[in-house]
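Asker: this one's sequence-less:
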């Protein structure tokens, strides 16, 4: 009788943990869909996208339990929801710093998403030099019998920021969190170099945009070529005149 009770407990726990993780998985998929829509829309309308790459990850049950144990939280599903905000995480990589805030604004304008918190480690870097914009976003997940509101952590950073963070993580893993002081100083210096590169690339980005804006005839030529390659579009006469004669 006791053995049967233990088996039923194990089955119930397996069912509960599976459902718990599924909800976070669905929240990630929902966010990925939204981000990909924004990326494709922006690319189609502006021939440019502020989003370079998207990566997502779901913490394993073992990793969640380890973090709960380290933080000395109560071991329950409710406690996990209340205390662990990065069970589901998405990382968005952008080319330029201005793109980070553009993407953040687009996400926060989504009417069905709720922004719980914003941590700006770009304007206020961590002591080790880490830079990134973190959003905690509540995502509605529509299950068969209810709606679950799930927290997803979104990290938005430039390619340079992501490169530095990846190497920093590998170094800390190699040294088992005990990194020599000399390496910590070099990592901080590397973070400053990465930031200087971001600032330089941002300046170049703005200069190129200003040059392009100063020569709108190039955009008209591109539009004319686009129209000629898409026969389903009928060009109005006044627009045809504009494309052929210019201003």
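Answerer: Cool, got the structure. Given the structure is predicted, the values throughout are model-derived calculations rather than measurements.

Asker: Please count neighbours and contacts with C-alpha atoms only from this point.
Answerer: Noted.

Asker: Near residue 140, how many other residues are there?
Answerer: By the measure other C-alpha atoms under 10 Å, the count of residues near residue 140 is 18.

Asker: Now do the SS call for it.
Answerer: With DSSP: H, G, I helix; E, B strand; the rest coil as the basis, residue 140 sits in strand.

Asker: my guess is it contacts residue 146, does it?
Answerer: No. Applying C-alpha atoms under 8 Å as the test, residue 140 and residue 146 come out as separate, 10.1 Å apart.

Asker: can you tell me the average pLDDT over the longest strand anywhere in the chain?
Answerer: Criterion DSSP state E: the longest strand present in the chain is strand 147-158. Across strand 147-158, the average pLDDT comes to 97.

Asker: and the next element down the chain from it?
Answerer: Counting by DSSP states H and E, the next helix or strand C-terminal to strand 147-158 is helix 159-174.

Asker: quick one: contacts of that following helix?
Answerer: Defining contact as C-alpha atoms under 8 Å, 6 or more residues apart in numbering, one finds that helix 159-174 is touched by 93-95, 130-132, 178-179, 187, 190-191, 194-195, 197-198.

Asker: The closest residue to residue 43 other than its chain neighbours and residue 161: what is the separation?
Answerer: Nearest residue to residue 43 in three dimensions, chain neighbours excluded: residue 49, at 4.8 Å (C-alpha to C-alpha, 6 or more residues apart in numbering). As judged by C-alpha to C-alpha, to the nearest Å, residue 49 and residue 161 stand 18 Å apart.

Asker: Comparing the two, which residue is more hemmed in?
Answerer: The neighbour count for residue 49 versus residue 161, taken as other C-alpha under 10 Å, is higher for residue 161 (23 against 18).

Asker: Residue 125 versus the more buried one, what's the distance?
Answerer: From residue 161 to residue 125 the distance is 11 Å (C-alpha to C-alpha).

Asker: cool, residue 179 as well?
Answerer: In terms of C-alpha to C-alpha, residue 179 sits 20 Å off from residue 125.
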